[in-house]
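In: here's my sequence, what's the structure:
(2 chains)
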Amino acid sequence: NAGVTQTPKFRVLKTGQSMTLLCAQDMNHEYMYWYRQDPGMGLRLIHYSVGEGTTAKGEVPDGYNVSRLKKQNFLLGLESAAPSQTSVYFCASSYMISSGANVLTFGAGSRLTVL
Amino acid sequence: EDQVTQSPEALRLQEGESSSLNCSYTVSGLRGLFWYRQDPGKGPEFLFTLYSAGEEKEKERLKATLTKKESFLHITAPKPEDSATYLCAVQARGGGSNYKLTFGKGTLLTVNP
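Out: Predicted structure coming up:
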């Protein structure tokens, strides 16, 4: 099993360009998430999905859009990149165990630099 | 709003020198408290889930404990390979928080040989 796979691993953009980060999971998990990680800020939730065809806003959604057309894929889009979006992006998927707690499995991350 | 505060921000130990990391939390009803380990350039890796005050879980040199306001990650006789950033997260009960985890900023642990 590959787990959670993110592509690309690295990307450099110019201000105003657009791009899409792809996340794929092979664990048949219902829930998927996009986090960003910045020095001194920790992991912050951008958007999440509780099932195919559904998405919801997290803590820092502005400037990002997401889509979950297939259960195994969760796409994060930047329509007009800004330097403030320079970050490491982590995708995660999860299942709910009997207690109702969600155990997240993370991908390896995508490092994005916006010049 | 759920909040997680981890201390210290960084901790440097000698090999074999036991210590503890702290995670203080505020949540409107705890569904679960999670500990993750993150190595440089990698994604967080799940370690433990704790559900209620008084609960303890162990894995090799790590033991996690939980009270109503905080969790500790005890590291006994650490080795250099235990060097990593340790993240704490909480999941609240009910409503829109049912699926989301709120993370602390982490503690960077360095174990010197």
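In: for the rest of this, base every contact and every neighbour count on C-alpha atoms.
Out: OK.
In: nearest residue to the residue in chain B that chain A sits nearest to other than its sequence neighbours?
Out: With CA to the nearest CA, the shortest gap between chain B and chain A falls at residue B:105, namely 4.1 Å. Closest residue to residue B:105 apart from its sequence neighbours, by CA to CA, 6 or more residues apart in numbering or on different chains: residue A:42 at 4.1 Å.
In: and if you look at residue B:40?
Out: Using CA to CA, 6+ apart, the closest residue to residue B:40 is residue B:84 (7.2 Å).
In: bridged to the residue in chain A positioned nearest to chain B, which residues?
Out: Chain B sits closest to residue A:42 of chain A, with a gap of 4.1 Å, by CA to the nearest CA. Under the criterion DSSP bridges, residue A:42 forms beta bridges with residue A:38.
In: thought it was touching residue B:107?
Out: No - taking contacts as CA atoms under 8 Å, residue A:42 lies outside contact range of residue B:107: 10.3 Å.
In: from residue B:113, how far out is the residue nearest to residue B:105?
Out: To residue B:113, residue A:42 is 28 Å away according to CA to CA, to the nearest Å.
In: go on, residue B:93?
Out: The value you get for residue B:93 to residue B:113, if CA to CA is used, is 42 Å.
In: between these two, which is the more surrounded one?
Out: Neighbours were tallied for residue B:93 and for residue B:113 using other CA atoms under 10 Å in any protein chain shown; the higher tally belongs to residue B:93 (18 against 11).
In: got a pLDDT number for the more buried one?
Out: pLDDT recorded at residue B:93 is 85.
In: ok, back up a step: ramachandran angles for the residue nearest to residue B:40?
Out: Dihedral pair for residue B:84: phi 180, psi 180, per degrees, to the nearest 10.
In: flag every buried residue along stretch A:20-38.
Out: Residues of stretch A:20-38 classed as buried: A:21-25, A:29, A:31-37 (neighbour count, 16 or more other CA atoms under 10 Å in any protein chain shown).
In: tell me where the model's unsure across the chain.
Out: Because you didn't say which chain, this covers chain A. Under the criterion pLDDT under 70, the flagged ranges of chain A are A:1.
In: that's the wrong chain, I meant chain B
Out: Residue ranges of chain B with pLDDT under 70: B:95-98.
In: what segments of it are strands?
Out: In chain B, the strands defined using DSSP state E lie at B:3-7, B:10-14, B:19-26, B:30-38, B:45-50, B:56-59, B:62-66, B:70-75, B:84-92, B:102-103, B:107-112.
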